[in-house]
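Chemist: Model the following, please.
(4 chains)
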2 protein chains.
Amino acid sequence: MTFRLAMQLIDLFLTIKYNNPYRFIRRKEDKVLQKKRISKAVIDRLPRYYRYLGDLLEKDVVRISSKELSEKMKVTASQIRQDLNNFGGFGQQGYGYNVEYLHTEIGKILGLDNKYNMIIVGAGNLGQALANYTDFERRGFYVKCIFDINPRLVGLTIRGIEVKYIDEMEEFVKLNSVDIAVLTLPKAKAPQIASNLVKWGVKSIWNFAPTDLHLHESVVVENVHLEESLMKLSYKLSELQDSDNK
Amino acid sequence: MTFRLAMQLIDLFLTIKYNNPYRFIRRKEDKVLQKKRISKAVIDRLPRYYRYLGDLLEKDVVRISSKELSEKMKVTASQIRQDLNNFGGFGQQGYGYNVEYLHTEIGKILGLDNKYNMIIVGAGNLGQALANYTDFERRGFYVKCIFDINPRLVGLTIRGIEVKYIDEMEEFVKLNSVDIAVLTLPKAKAPQIASNLVKWGVKSIWNFAPTDLHLHESVVVENVHLEESLMKLSYKLSELQDSDNK
DNA sequence: TAGATTGTTAATCGATTAACAATC
DNA sequence: TAGATTGTTAATCGATTAACAATC
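Modeler: Have a look, this model is predicted:
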């Protein structure tokens, strides 16, 4: 009862001072209670911030201002501050941001303070390459098993990770908590296998097959379409040649 | 002289009919002469249109309306029409779009009617995986040579493509027309090697090293940052769990 | 305290969607 | 011709940038 009264007094005060009623209440709702939706554009930039902060950390840089960081990253300081303030105030007026703290906090936002179990489906060249990539483990992503349909690949071991026959996948997924399934297989097989994996309890798909997967909205899908990336490159190349010819 | 007079008459006519002076001339400038800048968002979507049209083509679909396509691709029909009309009118009122024609035209816009010579720098797992990927050739991207610093990899042959010692790269690039260099090497070495490649005449870089390359603006760089893609996935996963807990 | 730099509001810019006349 | 669907303008929406008061 006294709390409510106090809030009302604060509101009154703010109303008079800023001509802006319910400011205090509104802010609380926005950030703490409502958890407003973050735009895709912001999320796309977060890993890049994380990478730059990691690089600074390696160089033992202790603090950085949004202006300095903006010059390194070739974005505006405004955008950096705006982006970060979606998640909270990580800086300090007159000082800037503490590099280690901000790095850690963005890591938490990205979910890098968790551990993730992955399986790779498709032990072809790309699947093997990803299994060999040790950097993922540093961020908490662990490849637990690889599956393939080709008997010649079954039994292989990559960095201690076994390649099993695809028929064993259902049991494995049901017995183990698999957070992420990496699909490095032909596009014809991807939709069916993805759908099964989800049925068996996999929560997210890192999809390298050149097709869009239409799964239940609660399933997280992140696509890596290499061919599309290469096409964008060739678009830019042709554009360049066109302007040269003028 | 008569041409100019005719144009002026058309202008006059349009001015009276549409109360919109110089419409004819303006359109010509916009699309044919001026070649207005296409936004990144549009270019990002082009390869996806290309892929869907390719799929339709395989299923022998002859025509498609923006509405039908929009339902398949889960975008708005408006966006499709708006996107395509950046490059020209490919459709026909009352009919829609001819799938094969549109596919070919988007291919041309993406520069897929050209051939590109590529080299891969870094014959590790990812480099080898990309060298083995035959689908690129179908689109006109040819891997001519692979280079590595590791003597144990030098001499290897992948699909007939030789792995050469990195010291031979300068000569190779200068003697052959290399359009695209694929960087699948550690981030520490990427900036220096990229800079050298550009000096020797390479026009574009497909960069898989987890770092941003700062090269002359005339050089096309397309990044594939796998780790960042995985972080976006883990962000979405944590977001999901947060909302489950509510 | 003075200077610096954030957090945040307001202004601008650009991209998406809606609407509809043109036209096949 | 009537129906369908584009190409294109206008309206809306969202994201980026600018500005500045708050404050370390």
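Chemist: right, and the helix or strand after the lowest-mean-pLDDT helix or strand in chain A?
Modeler: Ranked by mean pLDDT, DSSP states H and E, the weakest helix or strand in chain A is helix A:23-28, scoring a mean of 31. The helix or strand immediately downstream of helix A:23-28 is helix A:40-58, counting by DSSP states H and E.
Chemist: is that next one anywhere near DNA strand C?
Modeler: No: figure legend: helix A:40-58 not in contact with DNA strand C (Cβ under 7 Å from any atom of the strand); closest approach 9.7 Å. Using the backbone N, CA and C atoms, a C-beta is placed for each residue, glycine as well.
Chemist: Just the buried positions in stretch A:101-112, please.
Modeler: A:102-107, A:109-112 (16 or more other Cβ atoms under 10 Å in any protein chain shown).
Chemist: What is the nearest of these to DNA strand C?
Modeler: Ranked by distance to DNA strand C (Cβ to the nearest atom of the strand), these are led by A:Leu102 at 9.4 Å.
Chemist: Check that closest one and give its pLDDT.
Modeler: With respect to pLDDT, A:Leu102 scores 98.
Chemist: three-state assignment of it?
Modeler: helix (DSSP: H, G, I helix; E, B strand; the rest coil).
Chemist: Identify the residues contacting it.
Modeler: Applying Cβ atoms under 8 Å, 6 or more residues apart in numbering or on different chains to A:Leu102 gives the contacts A:53, A:84, A:90-91.
Chemist: Find the centremost residue of chain A, please.
Modeler: Centroid check for chain A by Cα atoms, centre = their mean gives A:Leu110 as the closest residue, at 5.6 Å.
Chemist: quick one: contacts for that one?
Modeler: A:46-47, A:50, B:231-232, B:234-235, B:238.
Chemist: Can you lay out those residues as TSV showing distance to B:Glu222?
Modeler: Below are the contacts of A:Leu110 laid out as TSV (distance: Cβ to Cβ, whole Å):
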residue	distance to B:Glu222
A:Leu46	20
A:Pro47	17
A:Tyr50	21
B:Met231	19
B:Lys232	18
B:Ser234	24
B:Tyr235	23
B:Ser238	29
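Chemist: For those residues, give me CSV that also has neighbour count and pLDDT.
Modeler: Listed next are those as CSV, based on neighbours: other Cβ atoms under 10 Å in any protein chain shown; pLDDT from 0 to 100:
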residue, neighbour count, pLDDT
A:Leu46, 22, 98
A:Pro47, 22, 98
A:Tyr50, 23, 98
B:Met231, 26, 98
B:Lys232, 20, 98
B:Ser234, 26, 97
B:Tyr235, 21, 97
B:Ser238, 18, 92
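Chemist: Among those, which one lies nearest to A:Lys164?
Modeler: B:Ser234 (24.7 Å; Cβ to Cβ).
Chemist: which non-adjacent residue is nearest the closest one?
Modeler: Leaving aside its chain neighbours, B:Ser234 sits nearest to A:Gly111 (4.0 Å; criterion: Cβ to Cβ, 6 or more residues apart in numbering or on different chains).
Chemist: Do I have it right that A:Glu228 meets B:Tyr52?
Modeler: No: between A:Glu228 and B:Tyr52 there is no contact under Cβ atoms under 8 Å: 11.5 Å.
Chemist: got any ranges where chain A has weak pLDDT?
Modeler: A:1-36, A:244-246 (pLDDT under 70).
Chemist: Would you mind giving the domain segments of it?
Modeler: A:42-109, A:116-229 (automatic domain parsing).
Chemist: DNA strand D: which of those is closest?
Modeler: Of the domains of chain A, nearest to DNA strand D by Cβ to the nearest atom of the strand is domain A:42-109, at 2.4 Å.
Chemist: Is there proximity between that closest one and DNA strand D?
Modeler: Yes: Domain A:42-109 reaches DNA strand D (Cβ under 7 Å from any atom of the strand) through A:42, A:75-76, A:78-79, A:81-82, A:92-95.
Chemist: okay if I get those residues as CSV plus distance to chain B?
Modeler: CSV is the format used below for those (distance: Cβ to the nearest Cβ, whole Å):
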residue, distance to chain B
A:Val42, 10
A:Val75, 11
A:Thr76, 16
A:Ser78, 19
A:Gln79, 15
A:Arg81, 20
A:Gln82, 18
A:Gln92, 25
A:Gln93, 28
A:Gly94, 29
A:Tyr95, 26
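Chemist: Buried ones in the longest strand anywhere in chain A, by neighbour count?
Modeler: If you go by DSSP state E, chain A has its longest strand at strand A:141-148. Across strand A:141-148, burial judged by 16+ other Cβ under 10 Å covers A:141, A:143-148.
Chemist: closest to B:Thr211 among these?
Modeler: Nearest member of the buried residues of strand A:141-148 to B:Thr211, counting by Cβ to Cβ, is A:Phe141, at 19.6 Å.
Chemist: returning to that earlier point: need the winner for burial among the domains of chain A.
Modeler: Highest mean neighbour count of those: domain A:116-229, a mean of 18 (counted as mean count of other Cβ atoms under 10 Å in any protein chain shown).
Chemist: Now do that one: distance from first to last residue.
Modeler: The first and final residues of domain A:116-229 sit 27 Å from each other (Cα to Cα, to the nearest Å).
Chemist: Also stretch A:49-67?
Modeler: First-to-last residue span, stretch A:49-67, Cα to Cα: 14 Å.
Chemist: now swap in stretch A:212-219 and tell me
Modeler: Per Cα to Cα, stretch A:212-219 runs 13 Å from first to last residue.
Chemist: and the residue nearest to A:Gln79 when sequence neighbours are not counted, what does it touch?
Modeler: Using Cβ to Cβ, 6+ apart and skipping the chain neighbours, the partner closest in space to A:Gln79 is A:Ser70 (7.5 Å). By Cβ under 8 Å, 6+ apart, the residues touching A:Ser70 are A:76-77, A:79-80.
Chemist: Filtering these by proximity to DNA strand C, which remain?
Modeler: Counting by Cβ under 7 Å from any atom of the strand, A:Ala77 from the contacts of A:Ser70 sit close to DNA strand C.
Chemist: Just to check, A:Tyr95 is in contact with A:Ile64?
Modeler: No: if you go by Cβ under 8 Å, A:Tyr95 and A:Ile64 don't touch, sitting 10.0 Å apart.
Chemist: gap between A:Asp83 and chain B?
Modeler: Distance, A:Asp83 to chain B, using Cβ to the nearest Cβ, to the nearest Å: 13 Å.
Chemist: any idea which helix or strand carries A:Glu239?
Modeler: helix A:226-244.
Chemist: what's in contact with that helix?
Modeler: So helix A:226-244 is contacted by A:208, A:210, B:35, B:43-44, B:46-48, B:50-51, B:109-112, B:114, B:116, B:130, B:133, B:135-136, B:139-141, B:179-180, B:203-204, B:206, B:218, B:220, B:222, B:224 (Cβ under 8 Å, 6+ apart).
Chemist: Show me what whichever strand or helix holds A:Ser195 is packed up against.
Modeler: Per DSSP H and E: A:Ser195 is located in helix A:190-200. In terms of contact count using 3 or more Cβ pairs under 8 Å, 6 or more residues apart in numbering or on different chains; DSSP states H and E, helix A:190-200 is assigned the packing partners helix A:169-175, strand A:180-183, strand A:204-207.
Chemist: show me what contacts A:Ala194?
Modeler: A:Ala194 neighbours (Cβ under 8 Å, 6+ apart): A:181, A:183, A:205, A:207, A:213, A:215.
Chemist: what do you get if the cut-off is 7 Å, keeping everything else the same?
Modeler: A:183, A:205, A:213, A:215 (Cβ atoms under 7 Å, 6 or more residues apart in numbering or on different chains).
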